[in-house]
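Peer 1: What follows is a predicted structure for the sequence shown.
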Amino acid sequence: MTTPLDFERYLGLPRLSGLRPSPDGRRLVVACGGVHVSGTRMATALWQVDPEGVDPPRRLTRAAAGESGAAFLPDGSLLFTSARPDPDAKEPPAEPEPPAALWLLPAGGGEARLLAAPHGGVDSVVTARGARSVAFTAALYPGAATLEADAEREKARKDAGVEAMLFDRYPIRHWDHYLGPRERHLFAGQAPEREDQAVPTPRDLLPEPFDGLEEMGFDVTPDGGQVVVAVRDLHALRRPHSELVALDVASGARRTLTHDDAWYDAPACSPDGRLVACVREDLGDPQRAERAMLWLLDLATGEGRDPLPDEDLWPHALAWAPDGTALHFVADRDGHAAAFRLEVASGALTCLVPEGTLSDLCPSPDGQWVYALRSTLRVPPEIVRFDARAADQQPQVVPSPALTEAALDVPGRVTRIEGRAADGLAIGAWLVLPPEAEAAHPAPLVVFVHGGPLGSWTDGWHWRWNPQLLAARGYAVLLPDPAISTGYGQAFIERGWGRWGEAPYTDMIATVDAAVARPEIDASRTALMGGSFGGYMANWVAGQTDRFRCIVTHASLWELRGFHGTTDTGAWWELEMGDPYRDPSRYVEHSPSQHLDAIRTPMLVVHGEHDARVPISEAWRLWTDLQRHGVPSRFLYFPDENHWVLKPQNARIWYATVLAFLDEHVLGTPWQRPDLL
């Protein structure tokens with residue numbers, strides 16, 4: 001029996017992430033998320049899944065705090081992170097919920113054992129293929145040489161009532177938090193083999209004060225002897241770049257593998273320990289766009305090469321075949337996030353699964369299968385498997401805690417359409433149509449503009465902005481990929497690089513023209529919504545045309561020159577827009593604020609207080625300007641959210657407000673102020 005999709009049904013859907021295969025290939029472990037019993041946050045638990053689909057999925061962990069970050073040891077023991085309380089602690093935790101710690105669940109089952117509980121929390125865990133070596137990241141106060149010293153420093157600050165932070169270098173924020181007072185460190189150690197064996201003290205591989213590990217990837221060689229990590233150069237203020245560094249676990253010796261100004265991340269060590277695969281990004285400049293590529297390095301010499309020099313892909317989610325002869329990865333392609341296989345020796349490339357949105361690629365130990373998470377615009381992420389070598393497959397669904405399409409009553413029909421730019425170039429878009437949309441009953445249209453700006457609307461499920469929820473209310477939803485979108489080649493990115501108000505805008509309008517030309521769409525009832533870069537585009541559209549009945553702008557950029565100085569790392573935008581201290585012309589020319597006088601369209605402004613990527617100062621300025629110039633507008637403010645609205649109760653408010661705003665201006669129904677606001 002199925003239940004029609006509405007927000008409460010949507011909120012209750014299982015959310016899969018972090019798929020991992022056991023070393024013997026007999027089981028998969030996946031994190032399954034849902035609304036916490038408190039109703040005020042999301043939480044995940046770990047589930048065991050039979051790759052053959054014979055045995056039903058089985059839940060492994062049940063702590064109220066939730067568990068995630070699964071990683072297997074060679075014997076099948078499972079590491080994970082959780083803020084669950086230590087059952088052996090002599091005193092209860094000082095805070096309501098302690099930071100995430102590192103736990104070990106034995107291969108044969110039983111109670112999980114606490115391995116490490118740094119007061120700064122554990123946020124990433126990686127294990128070696130052939131050893132009990134574990135690497136993890138945790139944050140320490142400057143000057144704290146050990147985890148114990150860090151705990152003492154924290155106690156002293158709390159006892160003194162001090163929350164101040166002192167910075168002496170840039171940047172000081174990242175996405176939703178300050179880079180202090182603690183700094184991220186990388187630890188390595190050995191997991192105990194027996195329950196009665198003491199846990200060895202992990203070694204801090206980067207003990208100097210360091211912020212260069214923030215959100216950077218790392219991996220462990222199969223023998224556990226080295227950790228390869230991507231490290232940001234914090235002194236490169238005008239041109240950000242990162243290096244790959246090999247760290248010797250026994251001695252702590254550090255060896256830099258890369259020596260240029262590119263951006264390296266997501267290292268993955270080959271099964272024989274000789275090679276490191278990673279993503280390399282040439283960050284470009286105001287004259288040429290950023291470009292990402294797959295990169296292979298010799299771990300001994302640091303010599304690197306592009307194994308796909310003739311391909312135009314942006315790879316991610318790298319995973320080695322177990323024999324090391326091939327590398328699997330995901331890349332955007334024509335509105336999909338497809339799965340590929342690269343033969344390392346020959347350079348032969350095969351697209352294994354061309355449709356849907358793939359992630360978490362997990363080759364089976366025998367090399368026959370690849371397991372992955374896959375979603376579409378109609379189906380949330382589910383576990384699938386497909387042949388590791390065959391081209392253009394439709395993957396097989398593996399029974400998991402997720403719901404299949406048959407168990408969902410998803411209303412929207414999904415179709416692919418194209419607009420035509422002025423030069424004749426095809427501009428792709430997804431169109432989601434409500435079930436009743438037809439020539440006799442055309443549906444109103446809402447346009448979603450994606451963020452990034454480097455990104456695309458792939459055929460995948462979206463947990464923050466879901467077009468199916470609008471389709472359930474009778475709206476058609478257009479998801480366009482204008483210039484600067486990924487998945488259409490480097491030249492397509494170049495079309496919009498540093499010129500956001502030009503081709504990205506006109507391409508988007510071209511897809512709108514194509515959509516409203518269809519008989520199922522009511523061209524007289526349209527609206528537009530965007531978040532982040534999509535919010536920038538929403539603001540830009542407001543000053544260029546009155547064709548939309550209303551506009552929703554979320555976490556949006558309004559005045560680019562000021563944004564450069566308030567965002568978490570303004571140097572990133574200099575790569576595209578130039579040095580604003582010497583030539584601010586691009587910032588000024590492409591600021592939506594320059595067209596304030598032309599705005600007549602009603603606007604809903606949405607922003608979170610803790611957004612460091614697009615600071616709330618952009619919303620304050622936008623709101624003031626709209627109100628000062630008499631533009632009909634409302635401001636939905638979240639004091640406890642960041643760039644995204646993540647808490648369940650806030651997501652409920654977001655959808656209620658957005659839908660009420662759309663209904664008012666697109667359908668002409670009276671404004672209904674959402675409950676609790």
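Peer 2: The structure has been received and is ready for your questions.

Peer 1: which residue ranges form the strands in the stretch 1-150 of the chain?
Peer 2: Assigned by DSSP state E, counting those that start in this stretch, the stretch 1-150 of the chain shows strands spanning 15-21, 28-35, 42-49, 58-59, 67-72, 78-82, 101-105, 113-116, 122-127, 133-140.

Peer 1: For residue 509, which of the ones you listed is the nearest?
Peer 2: Closest to residue 509 of those is strand 15-21 (Cβ to Cβ; 34.2 Å). (Glycine included, C-beta is placed from N, CA and C.)

Peer 1: Need the contact partners of the closest one.
Peer 2: By Cβ atoms under 8 Å, 6 or more residues apart in numbering, the surrounding residues in contact with strand 15-21 are 27-34, 42, 44, 51, 68-72, 360, 362-365, 371-373, 380-383, 400-402, 463.

Peer 1: same check, this time on stretch 347-358
Peer 2: Outside stretch 347-358, the residues that touch it by Cβ under 8 Å, 6+ apart are 307-308, 311, 317, 328, 330, 333, 336-343, 370, 372-376, 384, 386-395, 458-461.

Peer 1: follow-up on the earlier one: list only those of the contacts of strand 15-21 flagged as buried.
Peer 2: Neighbour-count burial (16 or more other Cβ atoms under 10 Å) is assigned, among these, to 27-34, 42, 44, 51, 68-72, 360, 362-364, 371-373, 380-383, 400-402, 463.

Peer 1: which stretches of the stretch 201-350 of the chain have low pLDDT?
Peer 2: For the stretch 201-350 of the chain, applying pLDDT under 70 flags the ranges 209-211.

Peer 1: mind redoing it with 90?
Peer 2: 206-215, 233-240 (pLDDT under 90).

Peer 1: where do the strands sit along the stretch 401-550 of the chain?
Peer 2: 413-420, 426-433, 443-449, 476-480, 521-531.

Peer 1: Counting neighbours, what do you get for the residue nearest to residue 216 when sequence neighbours are not counted?
Peer 2: Leaving out its chain neighbours, the residue that sits closest to residue 216 by Cβ to Cβ, 6 or more residues apart in numbering is residue 230, at 4.2 Å. Residue 230 sits with 23 neighbouring residues when counted by other Cβ atoms under 10 Å.

Peer 1: cool, and residue 43?
Peer 2: Residue 43: 20 surrounding residues under other Cβ under 10 Å.

Peer 1: For it, give the beta-bridge partners.
Peer 2: Under DSSP bridges, the beta-bridge partners of residue 43 are residue 34.

Peer 1: before we move on, the earlier item: could the strands of the stretch 1-150 of the chain go into CSV alongside mean pLDDT and distance to residue 676?
Peer 2: Formatted as CSV, these follow (pLDDT from 0 to 100; distance: least, Cβ to Cβ, whole Å):
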stretch, mean pLDDT, distance to residue 676
strand 15-21, 97, 24
strand 28-35, 95, 17
strand 42-49, 95, 20
strand 58-59, 94, 33
strand 67-72, 96, 30
strand 78-82, 96, 31
strand 101-105, 95, 35
strand 113-116, 94, 39
strand 122-127, 95, 33
strand 133-140, 95, 35
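
Peer 1: In TSV: those, plus distance to residue 626.
Peer 2: Rendered in TSV, the data for the strands of the stretch 1-150 of the chain read as follows (distance: least, Cβ to Cβ, whole Å):
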stretch	distance to residue 626
strand 15-21	35
strand 28-35	34
strand 42-49	33
strand 58-59	49
strand 67-72	40
strand 78-82	43
strand 101-105	46
strand 113-116	50
strand 122-127	39
strand 133-140	40
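
Peer 1: got the contact list for residue 217?
Peer 2: By Cβ under 8 Å, 6+ apart, residue 217 lies in contact with 229-230, 265-267, 278.

Peer 1: Just the helices from the stretch 51-200 of the chain, written as ranges.
Peer 2: 147-160 (DSSP state H, counting those that start in this stretch).

Peer 1: Low-confidence regions, it specifically.
Peer 2: For the stretch 51-200 of the chain, the ranges with pLDDT under 90 are 63-65, 85-98, 108-111, 143, 145, 168-171, 193-200.

Peer 1: The stretch 351-500 of the chain now?
Peer 2: For the stretch 351-500 of the chain, applying pLDDT under 90 flags the ranges 402-409.

Peer 1: Which parts of it are helices?
Peer 2: Under DSSP H, counting those that start in this stretch, the stretch 351-500 of the chain gives helices at 467-471, 490-494.

Peer 1: Dump the first one to CSV, keeping only the CA atoms.
Peer 2: Coordinates of the C-alpha atoms in helix 467-471 are reproduced here as CSV (Å, rounded to 0.1, in the frame of the first residue of the first chain):
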residue,chain,number,x,y,z
PRO,A,467,10.3,19.2,-7.0
GLN,A,468,7.9,16.3,-6.2
LEU,A,469,6.5,18.2,-3.3
LEU,A,470,5.5,21.0,-5.6
ALA,A,471,4.1,18.5,-8.1
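
Peer 1: what packs against it?
Peer 2: In terms of contacts (3 or more Cβ pairs under 8 Å, 6 or more residues apart in numbering; DSSP states H and E), helix 467-471 is packed against helix 7-11, strand 426-433, strand 476-480, helix 648-662.

Peer 1: Got a PyMOL select line for the buried ones in the contacts of stretch 347-358?
Peer 2: Selecting the buried subset of these in PyMOL, with 16+ other Cβ under 10 Å as the burial test, is done by:
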select buried, resi 307+308+311+317+328+330+333+336+337+338+339+340+341+342+370+372+373+374+375+376+384+386+388+393+395+458+459+460+461
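
Peer 1: So which of the contacts of stretch 347-358 sit within strands?
Peer 2: In this view, the contacts of stretch 347-358 that belong to strands under DSSP state E are 317, 328, 330, 333, 336-343, 370, 372-375, 384, 386-387.

Peer 1: how about stretch 102-111: buried residues?
Peer 2: 102-107.

Peer 1: Checking residue 623 next. Helix, strand or coil?
Peer 2: helix (DSSP: H, G, I helix; E, B strand; the rest coil).

Peer 1: from what I can see it touches residue 603, true?
Peer 2: No - look at residue 623 against residue 603 with Cβ atoms under 8 Å: they stay out of range, at 9.2 Å.

Peer 1: ok, these two, which is more surrounded?
Peer 2: Higher neighbour count among residue 623 and residue 603: residue 603, with 25 against 20, using other Cβ under 10 Å.

Peer 1: contacting residues around the more buried one?
Peer 2: 538, 542, 550-553, 626, 631-634.

Peer 1: Neighbour count and secondary structure added to those residues, as JSON lines?
Peer 2: Below are the contacts of residue 603 laid out as JSON lines (neighbours: other Cβ atoms under 10 Å; DSSP: H, G, I helix; E, B strand; the rest coil):
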{"residue": "538", "neighbour count": "28", "secondary structure": "helix"}
{"residue": "542", "neighbour count": "26", "secondary structure": "helix"}
{"residue": "550", "neighbour count": "22", "secondary structure": "coil"}
{"residue": "551", "neighbour count": "26", "secondary structure": "strand"}
{"residue": "552", "neighbour count": "27", "secondary structure": "strand"}
{"residue": "553", "neighbour count": "32", "secondary structure": "strand"}
{"residue": "626", "neighbour count": "23", "secondary structure": "helix"}
{"residue": "631", "neighbour count": "17", "secondary structure": "coil"}
{"residue": "632", "neighbour count": "13", "secondary structure": "coil"}
{"residue": "633", "neighbour count": "20", "secondary structure": "strand"}
{"residue": "634", "neighbour count": "18", "secondary structure": "strand"}
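
Peer 1: Reformat those residues as TSV; add pLDDT and distance to residue 294.
Peer 2: Putting those into TSV (pLDDT from 0 to 100; distance: Cβ to Cβ, whole Å) gives the following:
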residue	pLDDT	distance to residue 294
538	98	34
542	98	39
550	98	43
551	98	39
552	98	37
553	98	36
626	98	45
631	98	47
632	98	49
633	98	45
634	98	46
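
Peer 1: any idea which of those is the one closest to residue 595?
Peer 2: Taking the contacts of residue 603 together and measuring to residue 595 by Cβ to Cβ, the closest member is residue 542, at 7.8 Å.

Peer 1: Quick check: closest non-adjacent residue to that closest one.
Peer 2: residue 599 (4.7 Å).

Peer 1: give me the number of residues near that neighbour?
Peer 2: 23.
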